[in-house]
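My questions are about this predicted structure, shown below with the sequence.
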Amino acid sequence: MKELLLILIRHAKSAWGDPALSDRDRPLNARGKRDAPFMGSLLRFRSLEPDRIVSSPARRAMKTARLIAAQVGYDKDAIAVEETIYLGGVKALIGLVQEFGDAAERIYLVGHNPDISEAASRLTGENLGDMPTCSIVAIEFQVESWAHVMEGTGQLKFFDYPKKPLPS
């Protein structure tokens, strides 16, 4: 049995100021540009550097992926872009995870709501609700291969987001 770790990341807060931009082309706003490096530093602090980062092609998701990659020491030019993550639906997201090559044991997937939140809930079997912008859900799988990942087979390791209160 292998221990595979999937890190689901909802893109950081995006800007809505230019109505002429398509949804795919919306950039991050100032808060998003601040939150993504912060969340990347949390992943680095947890020593959860990725073997692979896969992102939606949407501008806000790619920028989030690049900002996080910089914090965890991952080459931003090596970020894989996967069209399926952008509005493909939950089944497509889970199907994508099942197709990950088994050489990578720790993968970040950067995407969008509602699909990313729904995938987190389905994979863990827990009702996690809507993931806030720039939130991170880490899911561990005790399986031989990514191909064996199915709904309810993951164990929630943590759920972090920029405005999460610190433990007292």
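That came through fine. Numbering: from 1, shown residues only.

switch to C-alpha atoms for all contacts and neighbour counts from now on
Will do.

Do a quick rundown of the strands in the protein.
Remark: strands assigned in the chain by DSSP state E are 2-10, 52-55, 80-81, 106-111, 136-143, 154-160.

list the buried ones in the longest helix along the chain?
Using DSSP state H, we find that the single longest helix of the chain is helix 30-45. Residues 32-33, 35-44 are the ones in helix 30-45 that count as buried (16 or more other CA atoms under 10 Å).

Out of the residues you listed, the closest to H148 would be?
For these, the minimum distance to H148 (CA to CA) is 25.3 Å, reached by L43.

any weak-confidence spans in this structure?
166-168 (pLDDT under 70).

nearest to W146, of the buried residues of helix 30-45?
Looking across these and measuring by CA to CA, the closest to W146 is L43, at 21.4 Å.

Tabulate the buried residues of helix 30-45 in a markdown table, adding columns for distance to P19.
Below are the buried residues of helix 30-45 laid out as a markdown table (distance: CA to CA, whole Å):
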| residue | distance to P19 |
| --- | --- |
| G32 | 18 |
| K33 | 20 |
| D35 | 23 |
| A36 | 24 |
| P37 | 27 |
| F38 | 28 |
| M39 | 28 |
| G40 | 30 |
| S41 | 32 |
| L42 | 33 |
| L43 | 34 |
| R44 | 36 |
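
Could you look over the strands of the chain and pick the most buried one?
strand 106-111 (a mean of 26; mean count of other CA atoms under 10 Å).

what lines up beside that one in the sheet?
Strand pairing for strand 106-111, determined by DSSP bridges: strand 2-10 (parallel), strand 52-55 (parallel).

Show me how far it is from its chain's centre.
A distance of 4 Å separates the centroid of the chain from that of strand 106-111, by CA atoms, centre = their mean, to the nearest Å.

Repeat that for stretch 141-156.
16 Å.

Need the residues that contact it.
Defining contact as CA atoms under 8 Å, 6 or more residues apart in numbering, one finds that stretch 141-156 is touched by 1-6, 94, 97-102, 122-125, 137-140.

what distance separates the start and the end of that stretch?
One end of stretch 141-156 sits 9 Å from the other (CA to CA, to the nearest Å).
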